[in-house]
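Novice: Generate coordinates for the sequence data below:
(one chain, ligands or ions: 1)
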Amino acid sequence: MIQLHHLNDSRSQRIIWMLEELELDYDIKRYQRDAHTSLAPETLKRVHPLGKAPILIDGELRLAESGAIIDYLAQRYGSSTLLPAANTQAWWDYVYWLHYGEGSLMPPLLMRHVFDKVQQAPMAFFIRPLVKKIVAGVERAFLNQQIHTHLNFVADHLACHEWFLGESFSAADIQMSFPLEAAMHRAEMADSYPRLKAYVTRLQARPAYLRALEKGGSYLYGPRVAT
Ligand SMILES: N[C@@H](CCC(=O)N[C@@H](CS)C(=O)NCC(=O)O)C(=O)O
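Specialist: Numbering: from 1, shown residues only. Take a look at the predicted model:
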């Protein structure tokens, strides 16, 4: 049976979702982030030397990298539902978004996340103002603009496409979900990008997504519960 090594609040949530979309049988091995560092436990390194989630095992195959896993599952089990025909324009669009999600969109979002953590980290009180100043400087000079360039680009694409490949939901939407959920988790970004927020809400309403939420356990970037 397929085995997914899953870390809470992580990219592996979208693999559970993918498995649910494909209605496959699978088993989840769960790992919990360290409460202080947010890192995965060392035991995950026994499954793959980098010790990062997701990792998928299917028979003899052991695969890390969510893009590779999504592509594997789509090609092996979902070619008639989650993939366009090979070598068409839609296929190359799929390849593009599969790489874009982790290769281009995630890095500035991750940088912002790391800066948030740096500012919250314990430090001598007289150092904190300096750290805040440096972070604010980098955000102003570089990061904010990078993030907005990417989010505007994606929002423009979704202005004329219901899903990333057009009219049909595909594996590209599953890959793109994590960076967009992480971005929309920040209230100021959700307010600035209503189209992206609406897209994420659309994803989060899919029955397979909701089943994956139940199976995966707590997920920080899941649908906001109205208070
Ligand atoms: N590009 C990789 C990134 C893998 C990755 O960094 N996973 C994070 C979870 S979102 C992780 O395992 N972090 C825990 C750690 O680094 O210890 C992918 O898409 O699978």
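Novice: okay, the most centrally placed residue in the chain: pLDDT?
Specialist: Closest residue to the average C-alpha location of the chain: F178 at 2.0 Å, with CA atoms, centre = their mean. For F178, the model assigns a pLDDT of 98.
Novice: So it sits against R11, correct?
Specialist: Yes: contact criterion CB atoms under 8 Å: F178 and R11 qualify, at 5.1 Å. (Each C-beta comes from the backbone N, C-alpha and C, glycine too.)
Novice: which residues are in contact with both of these two?
Specialist: In terms of CB atoms under 8 Å, 6 or more residues apart in numbering, F178 and R11 are both contacted by the residues S66.
Novice: Put the alpha carbons of the helix or strand bottoming out on mean pLDDT in the chain into PDB.
Specialist: Every helix and strand in the chain was compared by mean pLDDT, DSSP states H and E; the lowest is helix 128-138, with a mean of 86. Backbone C-alpha positions of helix 128-138 (Å, rounded to 0.1, in the frame of the first residue of the first chain) are rendered in PDB as follows:
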ATOM      1  CA  ARG A 128      15.700  43.600  19.000                       C
ATOM      2  CA  PRO A 129      15.300  47.200  17.600                       C
ATOM      3  CA  LEU A 130      18.300  46.500  15.400                       C
ATOM      4  CA  VAL A 131      17.000  43.200  14.100                       C
ATOM      5  CA  LYS A 132      13.600  44.800  13.400                       C
ATOM      6  CA  LYS A 133      15.300  47.600  11.500                       C
ATOM      7  CA  ILE A 134      17.300  45.200   9.300                       C
ATOM      8  CA  VAL A 135      14.200  43.000   8.600                       C
ATOM      9  CA  ALA A 136      12.100  46.100   7.700                       C
ATOM     10  CA  GLY A 137      14.900  47.300   5.400                       C
ATOM     11  CA  VAL A 138      15.100  44.000   3.500                       C
END
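Novice: Give the next helix or strand downstream of it.
Specialist: Counting by DSSP states H and E, the next helix or strand C-terminal to helix 128-138 is helix 144-159.
Novice: Run through the helices of this protein in chain order.
Specialist: 12-21, 66-77, 89-100, 106-120, 128-138, 144-159, 171-184, 187-192, 194-204, 207-216 (DSSP state H).
Novice: So which bits of the last one are buried?
Specialist: Read that as helix 207-216. Judged by neighbour count using 16 or more other CB atoms under 10 Å, the buried positions of helix 207-216 are A208, Y209, R211, A212, L213, G216.
Novice: How about the fifth one?
Specialist: Going by neighbour count (16+ other CB under 10 Å), the buried part of helix 128-138 is V135.
Novice: Point out the other helices and strands that that helix packs with.
Specialist: The elements that helix 128-138 packs onto, with contact taken as 3 or more CB pairs under 8 Å, 6 or more residues apart in numbering; DSSP states H and E, are helix 106-120.
Novice: So which residues on this structure come close to the ligand?
Specialist: Contacts of the chain with the ligand, taken as CB under 6 Å from any ligand atom, map to L7, S10, R11, L39, A40, G51, K52, A53, P54, E65, S66, E102.
Novice: ok, 5 Å please
Specialist: Counting by CB under 5 Å from any ligand atom, the chain comes close to the ligand at S10, R11, L39, A40, K52, A53, E65, S66, E102.
Novice: pLDDT score assigned to L143?
Specialist: Per-residue confidence for L143 comes out at a pLDDT of 93.
Novice: How is this protein divided into domains?
Specialist: For the chain, automatic domain parsing gives the domain ranges 2-77, 89-215.
Novice: Pick the most deeply packed of the ones you listed.
Specialist: Stretch with highest mean neighbour count among those: domain 2-77 (a mean of 18; mean count of other CB atoms under 10 Å).
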